[in-house]
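Visitor: Below are the sequence and a predicted model for it; my questions follow.
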Amino acid sequence: MPAPTVVATAGASNANSYLTVAGADNIANGMVGTLTWSTATSDDKARALITATNGLETLSWTGTRASTTQALAWPRTDASCGDKTIASDDIPREIELATFDLANALLGDPTLLRSSSSKEALVRGIPNRDLKRLKLDVMEIEWNTNVGNSTTEAVTPLTVLPHLATILGCLTTSTTKGGLGGVVAIQRS
């Protein structure tokens, strides 16, 4: 397998990452909990950064793309977060941190961004993402609380690592799923 090439030039038409391996190494050096990153090969780090960037590309962002020829969603024009205005040729530090955080998590679990429908279902034929418990005899299905009741198994960086919403703050207009959990009791007649 050929070594991946990370292109993290802001606004480039061939960019595939928001962060270089060297930049990610610098972030890792200032954090705890980065043993997985620190022990990974350079090729695996590059693959993780590219995969993490692809995951972040599924989110919605403030502002608009700075150029019609850029490969990635950032840099952006008219992007601001609170009192901070982001230059139209800049990748915000928050985007870099989220890219590193997701890449580090992907090194620990490469399946992190895969749809949960590809994993073994606890109960076939019903959405299992929010399933917490199944009790048989008198069948009772209980879903986790504070999640959506969608029948799709959508996986985004914010659903697998909800703390990214805090890192990204008001730069993203995407949200984590929210809603009410519930219990559905089914009894034999």
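Guide: Yep, it's here.

Visitor: I95: what's it in contact with?
Guide: Contacts for I95 (CB atoms under 8 Å, 6 or more residues apart in numbering) come out as 18, 56, 74, 168, 171. For every residue, glycine as well, the C-beta is placed using N, CA and C.

Visitor: With P75 instead?
Guide: Shown in contact with P75 (CB under 8 Å, 6+ apart): 10-11, 65-66, 86-91.

Visitor: just those residues now: which is nearest F100?
Guide: Checking the contacts of P75 against F100 with CB to CB, the nearest one is I91 at 12.1 Å.

Visitor: Against L161, how distant is the closest one?
Guide: To L161, I91 is 19 Å away according to CB to CB, to the nearest Å.

Visitor: higher neighbour count, those two?
Guide: Taking neighbours as other CB atoms under 10 Å, I91 and L161 compare with I91 leading, 23 against 20.

Visitor: in terms of contact, does that one touch T9 like I think?
Guide: No. Assessed by CB atoms under 8 Å, I91 is found out of contact with T9, at 9.6 Å.

Visitor: Could you tell me the model confidence score at S80?
Guide: S80 carries a pLDDT score of 88 in this model.

Visitor: any idea how far S42 is from L106?
Guide: Taking CB to CB as the measure, S42 falls 15 Å from L106.

Visitor: what helices or strands is the helix or strand encompassing G55 leaning on?
Guide: Using DSSP states H and E, G55 maps to helix 42-56. In terms of contacts (3 or more CB pairs under 8 Å, 6 or more residues apart in numbering; DSSP states H and E), helix 42-56 is packed against helix 21-29, helix 93-108, helix 157-160.

Visitor: now the angle from that helix to helix 93-108?
Guide: 120 degrees (axes from the mean of the first three to the mean of the last three CA atoms, to 10 degrees).

Visitor: What's the separation between V32 and W74?
Guide: 27 Å.

Visitor: Next, the contact list for S13, please.
Guide: 69-71 are the contacts of S13 under CB under 8 Å, 6+ apart.

Visitor: Excluding chain neighbours, what is closest to the residue positioned nearest the centre of the chain?
Guide: Nearest residue to the geometric centre of the chain (CA atoms, centre = their mean): P157, 1.4 Å. Distance criterion CB to CB, 6 or more residues apart in numbering; nearest residue to P157, sequence neighbours excluded, is G55 at 4.6 Å.

Visitor: For A105, see how far away the one you found is.
Guide: Taken as CB to CB, the span from G55 to A105 is 10 Å.

Visitor: If you count surrounding residues, which of these two has more?
Guide: For G55 versus A105, the count of surrounding residues by other CB under 10 Å is larger for G55: 24 against 21.

Visitor: How confident was the prediction at the more buried one?
Guide: Per-residue pLDDT puts G55 at 96.

Visitor: ok, it - contacts?
Guide: 102, 113, 156-157.

Visitor: Brilliant, that's me finished.
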